[in-house]
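[1] Provided below for reference: sequence and predicted model.
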Number of protein chains: 2
Amino acid sequence: MDKARTGSGRGRKAYHHGDLRKAALEQALQHINRTRDVSFTLRELAAGLGVSSTALYRHFDGKLALLAAVAEEGYRELLRRFDADAAAQAAGPLALMAARGRAYVLFAVAFPAHFRVMFLPQLRQSEAFPTLGELRQQVYGRLEEALEVLQRNDLLSGADLRDIALTSWATVHGLASLLVDGQVRIEAGSPSKEVRDLLDRVLTVQAEGFLADGVRLGALQRKDSAPKKETPARKRGR
Amino acid sequence: MDKARTGSGRGRKAYHHGDLRKAALEQALQHINRTRDVSFTLRELAAGLGVSSTALYRHFDGKLALLAAVAEEGYRELLRRFDADAAAQAAGPLALMAARGRAYVLFAVAFPAHFRVMFLPQLRQSEAFPTLGELRQQVYGRLEEALEVLQRNDLLSGADLRDIALTSWATVHGLASLLVDGQVRIEAGSPSKEVRDLLDRVLTVQAEGFLADGVRLGALQRKDSAPKKETPARKRGR
DNA sequence: TCCGAATGTTAACGTTGTCAACATAGGGGC
DNA sequence: GCCCCTATGTTGACAACGTTAACATTCGGA
């Protein structure tokens, strides 16, 4: 298949676009990154591609399906990054865990538009895109996996693995959200380096905690509830 | 001012609604909680109130302004909860810190629609609602304040206060997001109790870290960057 | 009592996502 | 080399949406 325009004339406008699907996805990402929002219009997007708006319906079932395709791209890229660091895996459990968390945040910073779309409520709730659900599970599975390796090596504290996993996930996801939403200021000069340093510090605090040696959280127990010393074993279902 | 309908007849449809602004906000919250999304229509909302859609424009400048009003309600409720626990403040720095984090998450679970709207990209980016920006700063200020109290009492580890604050904020905000988005399953039976217990465990892991005693994160340092042992003092600006 | 301000209604406009019907390109089977 | 089937793109149209303008009704204070 020809990538270039396949029409008769050279510079003339060809009837067929070449790869409209790919071009539409790229244009959508540009819009999202510029406006920080998915509220672009199909007509505007199509006009930017020199194409009628209804042409997009040959490649996507509608606007939501187009966004779903963007989200799917994002999940696959994130999984690719998770699996890319075989080096970290060889370097030990701690390195693997840190690499996974770092990959999550760096992905969000590198692909903010994808990240935004991946967590759109409209897509999360829709059952029209089962692939997205499977990909989401794979992502969380990778994070859990890294923690299980830590546990096998007796590197974890006594807390329940599920609680640790949820805490780690929340921290990493929260940091990514704050960065993507621009609630944490990043120097425009060398965003990559600054983000990486910030990220390392956050992951360190996260892993080692922030209380001084010897300080324990007895005071954290609520007054209105019996302090449950023993965490009940929780099912790992779904 | 009469709360009830002020028209002539008793059960007859009154020309004036009574308190349309309040009713509209409530109806909007219902829609958001039902659909988990802000994509309700003004016409539908107005029809549910037995009112013409343009009547809403007497109370809000438009749909975005209505959402901004919802967000403002949310921020004020959250701040109210922050300040409500004077008891925790008296019980010591650790209790205060835990209470603030817990208030954040419990607010999100109790007011999911508000929470959703508070972090809408369209509202975050718009400069038409400066009040929202001020309220946001107050919220983060309360979290930072609790940490500063900890620091004054020498209860923190040696890490930079800004890093600890960001990590805590990310964890709490991430957990709230995951709960509101339904990515963490909650038993329908006693959601309140289960969330509170889960929350306590996460806050504990967060504060104390999850590494076993003696394990340190030397392996976390990246290979492509010089390991900066000393965190450079960072300005506290903005 | 009267009159302006507050509140609500009707009609209309431009834009949006989407569908149906039609037009064109391109490649595989004869 | 021709033909037809399918993939791809276009035109025209529709209902629904947010929003505005012009008009109607009610309330409350001078």
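    Thanks, I have the structure now.
[2] Angles on the backbone of A:Asp19, please.
    Dihedral pair for A:Asp19: phi -140, psi 80, per degrees, to the nearest 10.
[3] Quick check: it vs A:Ala47, distance?
    As judged by CB to CB, to the nearest Å, A:Asp19 and A:Ala47 stand 18 Å apart. For glycine as for every other residue, the C-beta is placed from the backbone atoms N, C-alpha and C.
[4] Please apply the same query to A:Arg124.
    Separation of A:Arg124 from A:Ala47 (CB to CB): 30 Å.
[5] Looking only at neighbour counts, state which of those two leads.
    Neighbours were counted for A:Arg124 and for A:Ala47 using other CB atoms under 10 Å in any protein chain shown; A:Arg124 has more, 18 against 13.
[6] Give the buried residues for the one helix or strand the more buried one maps to.
    Here A:Arg124, judged by DSSP states H and E, is contained in helix A:121-125. Neighbour-count burial for helix A:121-125, counted by 16 or more other CB atoms under 10 Å in any protein chain shown, picks out A:Pro121, A:Gln122, A:Leu123, A:Arg124.
[7] can you check stretch A:45-63 too?
    By 16+ other CB under 10 Å, the buried positions in stretch A:45-63 come out as A:Leu45, A:Ala46, A:Leu49, A:Val51, A:Ala55, A:Leu56, A:His59, A:Phe60, A:Lys63.
[8] what ranges of chain A fall below the confidence cut-off?
    A:1-16, A:188-191, A:217-238 (pLDDT under 70).
[9] and stretch A:194-205, which residues are buried?
    A:Val195, A:Arg196, A:Asp197, A:Leu198, A:Leu199, A:Asp200, A:Arg201, A:Val202, A:Leu203, A:Thr204, A:Val205.
[10] Then stretch A:101-119?
    Of the residues in stretch A:101-119, A:101-109, A:111-119 count as buried by neighbour count, 16+ other CB under 10 Å.
[11] now, which of the residues you listed lie within helices?
    Of those, the ones assigned to helices by DSSP state H are A:101-109, A:112-118.
[12] Nearest to DNA strand C among these?
    Sorting these by how near they are to DNA strand C, with CB to the nearest atom of the strand, puts A:Val117 at the top with 14.3 Å.
[13] Contacts only, for the closest one.
    Counting by CB atoms under 8 Å, 6 or more residues apart in numbering or on different chains, A:Val117 touches A:Ile32, A:Val38, A:Leu67, A:Val70, A:Ala71, A:Gly74, A:Leu123.
[14] Present the residues you listed as JSON lines; the columns should include distance to A:Leu143 and secondary structure.
    Shown next, in JSON lines, are these (distance: CB to CB, whole Å; DSSP: H, G, I helix; E, B strand; the rest coil):
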{"residue": "A:Ile32", "distance to A:Leu143": "25", "secondary structure": "helix"}
{"residue": "A:Val38", "distance to A:Leu143": "26", "secondary structure": "coil"}
{"residue": "A:Leu67", "distance to A:Leu143": "24", "secondary structure": "helix"}
{"residue": "A:Val70", "distance to A:Leu143": "22", "secondary structure": "helix"}
{"residue": "A:Ala71", "distance to A:Leu143": "18", "secondary structure": "helix"}
{"residue": "A:Gly74", "distance to A:Leu143": "16", "secondary structure": "helix"}
{"residue": "A:Leu123", "distance to A:Leu143": "20", "secondary structure": "helix"}
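[15] Just name the closest of the residues you listed to DNA strand D, please.
    In terms of CB to the nearest atom of the strand, no member of the contacts of A:Val117 lies closer to DNA strand D than A:Val38, at 15.3 Å.
[16] Next, work out how far apart that closest one and A:Leu179 are.
    Distance from A:Val38 to A:Leu179, counting by CB to CB: 18 Å.
[17] how about the helix or strand where A:Ala207 lies, does it reach chain B?
    Using DSSP H and E, the element containing A:Ala207 is helix A:191-208. Yes: where contact is defined by CB under 8 Å from any CB of the partner chain, part of helix A:191-208 touches chain B, namely A:193, A:196-198, A:200-208.
[18] same for that helix, what does it pack against?
    Helix A:191-208 sits against helix A:93-110, helix A:161-180, helix B:161-180, with contacts defined as 3 or more CB pairs under 8 Å, 6 or more residues apart in numbering or on different chains; DSSP states H and E.
[19] Any idea which of those helices gets closest to DNA strand C?
    Ranking these by proximity to DNA strand C (CB to the nearest atom of the strand) places helix A:161-180 first, at 22.3 Å.
[20] Return the distance of the closest one from the chain's centre.
    Helix A:161-180 sits 11 Å away from the centroid of its parent chain (CA atoms, centre = their mean, to the nearest Å).
[21] Taking helix B:191-208 as reference, get the angle to it.
    Relative orientation of helix A:161-180 and helix B:191-208, computed by axes from the mean of the first three to the mean of the last three CA atoms, to 10 degrees: 80 degrees.
[22] Show me what helix A:161-180 is packed against.
    Judged by 3+ CB pairs under 8 Å, 6+ apart, the packing partners of helix A:161-180 are helix A:93-110, helix A:112-118, helix A:130-152, helix A:191-208, helix B:161-180, helix B:191-208.
[23] Rebuild these as a markdown table, extending it with distance to DNA strand C.
    What follows is these, written out as a markdown table (distance: least, CB to the nearest atom of the strand, whole Å):
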| stretch | distance to DNA strand C |
| --- | --- |
| helix A:93-110 | 25 |
| helix A:112-118 | 14 |
| helix A:130-152 | 17 |
| helix A:191-208 | 31 |
| helix B:161-180 | 25 |
| helix B:191-208 | 34 |
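[24] A:Ala87: which of those is closest?
    When the helices and strands packed on helix A:161-180 are compared by CB to CB, helix A:93-110 sits nearest A:Ala87, at 8.3 Å.
[25] Now do the SS call for A:Gly182.
    Put simply, A:Gly182 is coil when judged by DSSP: H, G, I helix; E, B strand; the rest coil.
[26] Distance check, it against B:Gln125.
    Look at A:Gly182 and B:Gln125: by CB to CB, they are 8 Å apart.
[27] shared neighbours, these two?
    A:Arg36.
[28] Make sure A:Ala207 is actually in contact with B:Glu208.
    No: in this structure, A:Ala207 is not within contact of B:Glu208 by CB atoms under 8 Å, at 10.9 Å.
[29] Tell me which residues touch the closest residue to A:Val149 other than its chain neighbours, please.
    Leaving aside its sequence neighbours, A:Val149 sits nearest to A:Pro93 (CB to CB, 6 or more residues apart in numbering or on different chains; 4.5 Å). Going by CB under 8 Å, 6+ apart, A:Pro93 touches A:Ala146, A:Val149, A:Leu150, A:Arg152, A:Asn153, A:Leu155.
[30] next one: A:Lys63
    If you count contacts by CB under 8 Å, 6+ apart, A:Lys63 has them with A:Leu42.
[31] Check the spacing between it and chain B real quick.
    In this view, A:Lys63 and chain B are 12 Å apart by CB to the nearest CB, to the nearest Å.
[32] cool, A:Asp61 as well?
    Applying CB to the nearest CB to A:Asp61 and chain B gives a distance of 18 Å.
[33] Could you do A:Val139 as well?
    To chain B, A:Val139 is 11 Å away according to CB to the nearest CB.
[34] Nice, that's everything, thank you.
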